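In: kindly return the folded structure for what I paste below:
(one chain, ligands or ions: 1)
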Amino acid sequence: MANDTLLIKHTGNGKQVEYPLLQSTLGADAVEIRNLYKDMGCFTHDPGFVSTASCSSKITYIDGDNGVLLYRGYPIEQLADQCEFTEVAYLLMHGELPNQQQLLNFNQEINDRAVIHESLRKFFDGFHYDAHPMAMLVGVVGSLSAFYHSEMNIKDPVQRLRAATRLIGKMPTIAAASFRHSVGRPFVYPRIDLSYCENFLNMMFSRSSQNYIDQNHYIDPGYVKALNLLFILHADHEQNASTSTVRLAASTGANPYACIAAGIAALWGPAHGGANEAVLNMLAEIGTLENVPKYIAKAKDHNDPFRLMGFGHRVYKNFDPRATIIRKTCYQVLEKTQSNDPLFELALAVEEQALKDDYFIEKKLYPNVDFYSGIIYKALNIPVEMFTVMFAIARTAGWVAHWLEMMEDSSMPISRPRQLYVGPPRRDFLNIHNR
Ligand code: CMC
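Out: This is a model prediction of the structure:
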């Protein structure tokens, strides 16, 4: 409610201060407590930022209780059904959907920026053949800062936009190059005549003797559609761990390419984007339908570190709307590719048994976006180690949108949290002979 406040009272010294509630356009308001330390001499303690709004943002809205996800106000279901990925990237970056000419220009700019410097290409030679593609992605995207540093003025909006589109354009090229290096195939250059998803598939799978997508543009449209959908669903998710990492790094005024590399590193973990790879590994470990109850029991056992990967979410406590869309697409893709993947049957059994189980019901643990995305990627012949890289390509649109948003806000201070110190009190140094 307008003008509502939150009254905080220190029961020790009786001091009380009223703090204003900042109003959201949708969802929870936030109490403005930046003066709390000055007023009361104490910090807030919120490990994992469960109740902390770290910034205000106009980009993405999530209602975790009702399974709602909006990009710039548009429901994810509508965008997933009707848009191409670059259209969504434009929306995230600029705040409005592009008209036909704007989209044409944007696509052309992205295509123009897809090529990478020959010297950057040689960076891949420095990686051992079995380097994980995510490790290569972190390294190579970070090293873009070496190519675009002296000319990068983050105070200039034109240069900022250029850096953002450059990142979206180059990410599939670098991603595909990581894969090709790991399997010892020569690098494939991006093509100006292909769409974003087509270009990525062509760079991934072309052989020297045969273009994956020939001059007649033949490629199964179902493959491109599925990839486009997955990219849209993964494009942004408000202040998730990797986006918060990008924002935190960027708050210091660091080079944007280095900030995005930091985001990629944060995405890699199995609790975040690494979950799609972990889901496939988990299903392979479960192996057979008979083993499903045993693994559900393991996931419920607090003495066992095993968790059902692709289940649960910090924000969604009802259902993840992205998982609902992906589940449907999974059936369509498997039908199209005529893939009778036993892992899909296994995934359905895990989902069915977990959703009936009191433990998962009580803790509100539902399949998240990563539970099914890996199965679709597998049907498209994307190798398992590349799954999180796929996530990173898509999430780059969100990362750069958040970076652009925070750079526009000149009042944004450096992110510098405090802590609750629980270490030893002051003590005097002891000479090594007296310890
Ligand atoms: N399997 C078994 N138990 C679980 C799971 C799971 N997947 N997820 C949460 N729990 C339990 C957890 O043990 C805890 O139990 P208790 O309260 O008895 O200690 C309770 O549920 C709450 O879990 P939490 O870890 O405190 O919840 P969180 O909000 O901090 O973590 C999560 C969210 C996504 C990290 C977690 O659910 C998880 O580790 N899931 C598996 C990994 C995964 O699928 N990650 C992808 C997230 S979606 C993609 C993305 O946006 O990155």
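In: from now on I want contacts and neighbour counts done on CA atoms only, so please keep to that.
Out: Fine.
In: report pLDDT for residue 147.
Out: On pLDDT, residue 147 comes in at 87.
In: so what's residue 197 up against?
Out: 224, 227-228 (CA atoms under 8 Å, 6 or more residues apart in numbering).
In: next: residue 286.
Out: Here residue 286 is in contact with 292, 295 (CA under 8 Å, 6+ apart).
In: what's the pLDDT at it?
Out: The model's pLDDT for residue 286 equals 95.
In: swap in residue 214?
Out: Reported pLDDT for residue 214: 65.
In: and what of the one 4 residues further on?
Out: The predicted local distance difference test score for residue 218 is 65.
In: out of the contacts of residue 197, who's nearest residue 54?
Out: Proximity of these to residue 54 (CA to CA) peaks at residue 228, which lies at 30.4 Å.
In: which ones are touching the residue nearest to that closest one when sequence neighbours are not counted?
Out: Among residues not flanking residue 228 along the chain, residue 85 sits closest, at 5.7 Å (CA to CA, 6 or more residues apart in numbering). Shown in contact with residue 85 (CA under 8 Å, 6+ apart): 196, 228-229, 231-232.
In: 7 Å instead?
Out: Residues in contact with residue 85 (CA atoms under 7 Å, 6 or more residues apart in numbering) are 228, 231-232.
In: which single residue in the stretch 151-300 of the chain comes nearest to the ligand?
Out: residue 272 (3.3 Å; CA to the nearest ligand atom).
In: what distance do you get for that residue to residue 89?
Out: 21 Å (CA to CA, to the nearest Å).
In: so the two - more neighbours on which side?
Out: Between residue 272 and residue 89, counted using other CA atoms under 10 Å, residue 89 has the larger neighbour count: 28 against 17.
In: what sits closest to the more buried one if chain neighbours are left out?
Out: Nearest non-adjacent residue to residue 89, counting by CA to CA, 6+ apart: residue 397, 5.1 Å away.
In: burial measure for that neighbour, as a count.
Out: Count around residue 397 with other CA under 10 Å applied: 28.
In: a helix runs through it, doesn't it?
Out: Yes. Remark: residue 397 belongs to a helix, assigned using DSSP: H, G, I helix; E, B strand; the rest coil.
In: quick one: contacts for it?
Out: 89, 168, 235.
In: those strands in the stretch 101-250 of the chain, which residues are they?
Out: With DSSP state E, counting those that start in this stretch, there are no strands along the stretch 101-250 of the chain.
In: residue ranges with poor pLDDT in it?
Out: Within the stretch 101-250 of the chain, the stretches with pLDDT under 70 are 208-211, 213-218.
In: quick one, helices of it?
Out: Using DSSP state H, counting those that start in this stretch, the helices of the stretch 101-250 of the chain run over residues 118-123, 133-147, 157-183, 196-205, 221-234, 241-250.
In: just send these back as JSON lines, with distance to residue 287 too.
Out: Written out in JSON lines, the entries for the helices of the stretch 101-250 of the chain read as follows (distance: least, CA to CA, whole Å):
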{"stretch": "helix 118-123", "distance to residue 287": "38"}
{"stretch": "helix 133-147", "distance to residue 287": "25"}
{"stretch": "helix 157-183", "distance to residue 287": "26"}
{"stretch": "helix 196-205", "distance to residue 287": "28"}
{"stretch": "helix 221-234", "distance to residue 287": "26"}
{"stretch": "helix 241-250", "distance to residue 287": "31"}
